[in-house]
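Participant: no sequence on this one, just coordinates:
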């Protein structure tokens, strides 16, 4: 067995050489915690109240405009996402969608599909209704291990 190293019970394996230059940084590895619950659990009512307040404040005097509605939806969803993240619920990832629909005497059904963990994942909705449109915000909180 000349020229070959013996690593534990395996013969013929040579160790991998890692070259480290001054330009690269070492990647830090963390051990698994095996924790299945967050320290600060998602609280539906707090998020619902905050989203409702944001929708009401931003849309009180607004009128429906088909051209500006997409940008308004994007800015509202970003603001709700930022407010939700600031609440400090750990180990959650969020998806926020805002829908603005003109009132024209029609009915509307909103549906979405998810691969869902019913014990840890949750969702919240908030609605704001004005004379000319209805705004609906959906906040999905998915637990991330």
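Facilitator: Perfect, thanks for sending it. Note that the structure is predicted; figures quoted are calculated from it, not measured.
Participant: Look up the pLDDT of residue 131 for me, please.
Facilitator: Per-residue pLDDT puts residue 131 at 91.
Participant: One more: residue 15?
Facilitator: 50.
Participant: Show me the strands in this protein, by range?
Facilitator: Assigned by DSSP state E, the strands in the chain fall at 6-7, 10-11, 92-102, 122-129, 133-143.
Participant: could you point out the longest helix in the chain?
Facilitator: helix 69-86 (DSSP state H).
Participant: sorry, back to before: got the strands of the chain as JSON lines, with mean neighbour count and distance to residue 72 columns?
Facilitator: For every residue, glycine as well, the C-beta is placed using N, CA and C. JSON lines is the format used below for the strands of the chain (neighbours: other CB atoms under 10 Å; distance: least, CB to CB, whole Å):
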{"stretch": "strand 6-7", "mean neighbour count": "10", "distance to residue 72": "62"}
{"stretch": "strand 10-11", "mean neighbour count": "9", "distance to residue 72": "63"}
{"stretch": "strand 92-102", "mean neighbour count": "17", "distance to residue 72": "7"}
{"stretch": "strand 122-129", "mean neighbour count": "18", "distance to residue 72": "12"}
{"stretch": "strand 133-143", "mean neighbour count": "20", "distance to residue 72": "9"}
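Participant: Can you lay out the ones you listed as a markdown table showing distance to residue 109?
Facilitator: Putting these into a markdown table (distance: least, CB to CB, whole Å) gives the following:
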| stretch | distance to residue 109 |
| --- | --- |
| strand 6-7 | 62 |
| strand 10-11 | 61 |
| strand 92-102 | 11 |
| strand 122-129 | 13 |
| strand 133-143 | 11 |
